[in-house]
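Student: Pasted the sequence and its predicted model underneath.
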Amino acid sequence: MSVSALSPTRLMGSFSGLLQVVSLLGLLLLLFKIVQFFLHRLWLLRALQEFSSPPSHWLFGHLREFQKDQDLQKIRQWVEEFPSAFVLRLQGNDIRVMLYDPDYMKVIMGRSDPKAPGNYKFLAPWIGYGLLLLEGQKWFQHRRMLTPAFHSDILKPYVKLMVDSVQMMLDRWEHVSEDSSLEIFDHISLMTLDTIMKCAFNHQSSVQLDRLSSKGRLFFHSCQLAKKHTDQVIKLRKAHLQQEGELEKVRSKRRLDFLDILLFAKMEDGSSLSDEDLRAEVDTFMFEGHDTTASGISWILYALAAHPEHQQRCREEIQSILGDGASISWDHLDKMPYTTMCIKEALRIYPPVPSITKKLSKPVTFPDGRSLPKGIILMLSIYGLHHNPNVWQNPEVFDPSRFAPDSDRHSHAFLPFSGGSRNCIGKQFAMNELKVAVALTLLRFELLPDPTRVPIPIPRLVLKSKNGIHLRLKKLQ
């Protein structure tokens with residue numbers, strides 16, 4: 001090659017030409033993305049033309065409506081304005097249809113549409129692909145295999161474990177001054193995690209006591225500790241079960257826990273769950289079984305504190321069943337109808353899971369004739385449904401009589417545990433824990449709200465409060 005071929009002028013010219021080509025390709029790609037964006041926007045406008053939308057910003061959609069923790073207030077407002085559903089514009093082409101009508105809910109929950117991509121996948125590295133994240137045939141296989149783990153024969157012994165965990169939490173509450181208020185959510189989260197560890201792994205020590213150490217100050221560390229030991233616990237349990245033998249032999253020796261059921265579970269072809277699937281189901285059970293339940297218990301106690309007349313009636317009912325003792329058993333759980341009514345009414349006003357997001361896998365037509373094509377993302381607003389004035393008269397009023405035994409309501413008007421085939425497999429487990437926690441708490445404390453710290457509900461994966469849930473506790477004689 002000649003020296004002139006390597007001259008700076010030649011090199012600069014080649015580099016300049018390359019930059020021009022790259023710039024042109026970048027411009028073409030940008031134009032392609034713009035055209036793609038507007039074509040998708042036109043498709044969305046046609047697809048959603050039968051549904052109204054609140055006024056929105058041309059670029060930011062409704063995002064600015066949700067920047068001051070007013071999400072739930074806006075949802076209640078729009079639920080009143082738009083019958084059955086409305087179009088929610090988040091940003092760009094992130095457009096969804098929010099549903100809150102029981103007939104609409106029934107249609108969608110009777111189908112097998114997958115969860116919307118991106119809305120739950122961030123959980124995968126933490127909990128893996130268990131029942132919460134699985135779809136299709138594998139979900140169906142796992143659901144069928146796990147159903148025996150929530151049979152009443154398995155759940156009955158769990159009540160004592162729940163009692164132990166709740167009493168441990170209440171013992172700590174005894175030391176709280178009556179002149180100060182207590183933020184209860186973190187305490188209850190640890191208590192429900194403690195319960196899950198005992199029920200899932202037959203774990204003997206207490207997460208609540210571990211919190212007293214300097215290394216256990218943050219709740220996050222408790223969750224990480226549980227997850228870190230999942231593989232080790234599974235490995236050890238497998239070794240023990242090989243020594244103990246078949247399921248019935250194990251049952252005769254000790255109480256079965258969630259992990260026992262999983263390890264003995266078989267698919268139709270006779271195969272067992274892989275170690276990865278076992279880990280995912282255990283982690284999913286721990287996640288869903290403590291965080292959502294903690295949210296439910298916290299809001300129920302707050303609702304009772306805010307409505308002392310209902311709190312007292314519950315307390316009298318519980319005292320009539322348990323007397324002055326603090327022992328509660330499986331047989332007691334169905335003997336507290338008014339307390340159950342109050343629990344359900346609190347779950348209506350404060351649903352632990354405020355919404356579920358799905359993506360239509362095929363077109364759908366609703367009972368009123370409106371249709372949506374495949375590919376549309378839906379937000380099933382449990383909160384909107386529970387606060388829908390067309391479904392519940394005066395929905396903001398705490399009225400336990402809505403759940404009286406002779407009350408009549410739509411099958412999909414009350415969905416704190418979702419509905420259809422993908423309803424919460426552990427709903428009976430959760431209801432048992434709610435009843436145990438409420439009953440034992442009311443036997444020992446009068447609950448009073450802190451007027452200086454009124455909770456601000458915010459919709460996250462579970463319903464939480466921006467400023468915590470603070471109560472004053474008055475010890476009962």
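Tutor: Done, it's in.
Student: Isn't residue 93 up against residue 40?
Tutor: Yes. At 5.3 Å, residue 93 and residue 40 qualify as touching, with contact defined as Cβ atoms under 8 Å. Any C-beta I mention is one placed from the backbone N, CA and C, and that applies to glycine too.
Student: Now residue 317. Nearest residue, chain neighbours left out?
Tutor: residue 338 (5.0 Å; Cβ to Cβ, 6 or more residues apart in numbering).
Student: Residue 404 is in contact with the one you found, correct?
Tutor: No. Using Cβ under 8 Å, residue 338 is not in contact with residue 404, being 9.2 Å away.
Student: In terms of packing, which of these two has more residues around it?
Tutor: Counted by other Cβ atoms under 10 Å, residue 338 and residue 404 do not tie: residue 338 has more neighbours, with 17 against 11.
Student: In a helix, the more buried one, correct?
Tutor: Yes. Assigned with DSSP: H, G, I helix; E, B strand; the rest coil, residue 338 falls within a helix.
Student: Might you report the residue contacts of it?
Tutor: Residues in contact with residue 338, defined by Cβ atoms under 8 Å, 6 or more residues apart in numbering, are 313, 314, 317, 400.
Student: got it, and residue 333?
Tutor: By Cβ under 8 Å, 6+ apart, the residues touching residue 333 are 159, 432, 435, 436.
Student: Output the residue ranges of the strands in this structure, listed in chain order.
Tutor: Taking DSSP state E as the criterion, the chain contains strands spanning 85-91, 94-99, 181-183, 355-359, 364-365, 371-372, 377-381, 445-449, 457-459, 463-465, 470-475.
Student: For residue 196, find the nearest of these.
Tutor: Closest to residue 196 of the strands of the chain, according to Cβ to Cβ: strand 463-465, at 18.5 Å.
Student: Which residues outside the closest one are in contact with it?
Tutor: For strand 463-465, contacts defined as Cβ under 8 Å, 6+ apart pick out 185, 295, 298-299, 350-354, 383, 455-458.
Student: low pLDDT regions in the chain?
Tutor: 1-8, 11-13, 67, 118-122, 125-126, 204-206, 210-229, 243-255, 267-269, 325-326 (pLDDT under 70).
Student: Correct me if wrong: residue 142 contacts residue 131.
Tutor: Yes. With contact defined as Cβ under 8 Å, residue 142 reaches residue 131; the gap is 5.7 Å.
Student: and for those two, which residues touch both?
Tutor: Both residue 142 and residue 131 are in contact with residue 281, where contact means Cβ under 8 Å, 6+ apart.
Student: Which helix in this structure has the most residues?
Tutor: Assignment by DSSP state H gives helix 8-47 as the longest helix of the chain.
Student: Tell me which residues of it come out buried.
Tutor: Within helix 8-47, the residues scored as buried using 16 or more other Cβ atoms under 10 Å are 44, 47.
Student: now stretch 331-349
Tutor: Applying 16+ other Cβ under 10 Å to stretch 331-349 flags 332-333, 336, 338-349 as buried.
Student: picking up where we left off before, quick one: which of the contacts of residue 333 is nearest residue 24?
Tutor: Nearest to residue 24 among the contacts of residue 333 is residue 432, at 66.1 Å by Cβ to Cβ.
Student: how much space between residue 128 and residue 428?
Tutor: 24 Å (Cβ to Cβ, to the nearest Å).
Student: So which of these two has more stuff around it?
Tutor: residue 128 (22 against 15).
Student: wait, what's in contact with that one?
Tutor: Residue 128 touches 276, 279, 280, 283, 284, counting by Cβ under 8 Å, 6+ apart.
Student: sorry, back to before: filter the contacts of residue 333 down to the buried ones and hand me the PyMOL line.
Tutor: Here is the PyMOL selection string for the buried members of the contacts of residue 333, based on 16+ other Cβ under 10 Å:
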select buried, resi 159+432+435+436
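Student: And the furthest pair within the contacts of residue 333?
Tutor: 159 and 435 (9.2 Å).
Student: Can you name the residues bridging to the residue nearest to residue 111 when sequence neighbours are not counted?
Tutor: Spatially, and ignoring its direct neighbours in sequence, residue 111 is nearest to residue 364 (7.3 Å; Cβ to Cβ, 6+ apart). Note on residue 364: beta-bridge partners by DSSP bridges are residue 372.
Student: Just the buried ones out of the contacts of residue 128, please.
Tutor: 279, 280, 283, 284.
Student: Please report how far the second one lies from residue 132.
Tutor: Right, residue 280. Computed as Cβ to Cβ, the residue 280 to residue 132 distance reads 9 Å.
Student: Could you do the third one as well?
Tutor: As for residue 283, its distance to residue 132 is 10 Å (criterion: Cβ to Cβ).
Student: between those two, what contacts are shared?
Tutor: With Cβ under 8 Å, 6+ apart, residue 283 and residue 132 have no common neighbours.
Student: returning to that earlier point: any chance of the strands of the chain in CSV, plus distance to residue 234?
Tutor: Below are the strands of the chain laid out as CSV (distance: least, Cβ to Cβ, whole Å):
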stretch, distance to residue 234
strand 85-91, 40
strand 94-99, 38
strand 181-183, 34
strand 355-359, 29
strand 364-365, 40
strand 371-372, 42
strand 377-381, 34
strand 445-449, 39
strand 457-459, 34
strand 463-465, 31
strand 470-475, 38
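Student: Switch those over to CSV; also include mean neighbour count and distance to residue 194.
Tutor: Listed next are the strands of the chain as CSV, based on neighbours: other Cβ atoms under 10 Å; distance: least, Cβ to Cβ, whole Å:
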stretch, mean neighbour count, distance to residue 194
strand 85-91, 21, 38
strand 94-99, 21, 36
strand 181-183, 18, 18
strand 355-359, 20, 28
strand 364-365, 14, 42
strand 371-372, 16, 44
strand 377-381, 23, 31
strand 445-449, 19, 19
strand 457-459, 19, 25
strand 463-465, 22, 20
strand 470-475, 18, 20
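Student: Show me the one of these that comes nearest residue 114.
Tutor: strand 355-359 (5.9 Å).
Student: Neighbours of residue 160, how many?
Tutor: Number of residues near residue 160 (other Cβ under 10 Å) recorded here: 16.
Student: I misspoke; the intended subject was residue 71.
Tutor: Here the number of neighbours of residue 71 (other Cβ under 10 Å) works out to 18.
Student: I'd like to know how far the spatially closest residue to it that is not a sequence neighbour sits from residue 97.
Tutor: Excluding its sequence neighbours, the residue lying closest to residue 71 (Cβ to Cβ, 6+ apart) is residue 459, at 5.4 Å. Counting by Cβ to Cβ, the gap from residue 459 to residue 97 is 17 Å.
Student: now do residue 117
Tutor: Taking Cβ to Cβ, one finds residue 117 at 16 Å from residue 97.
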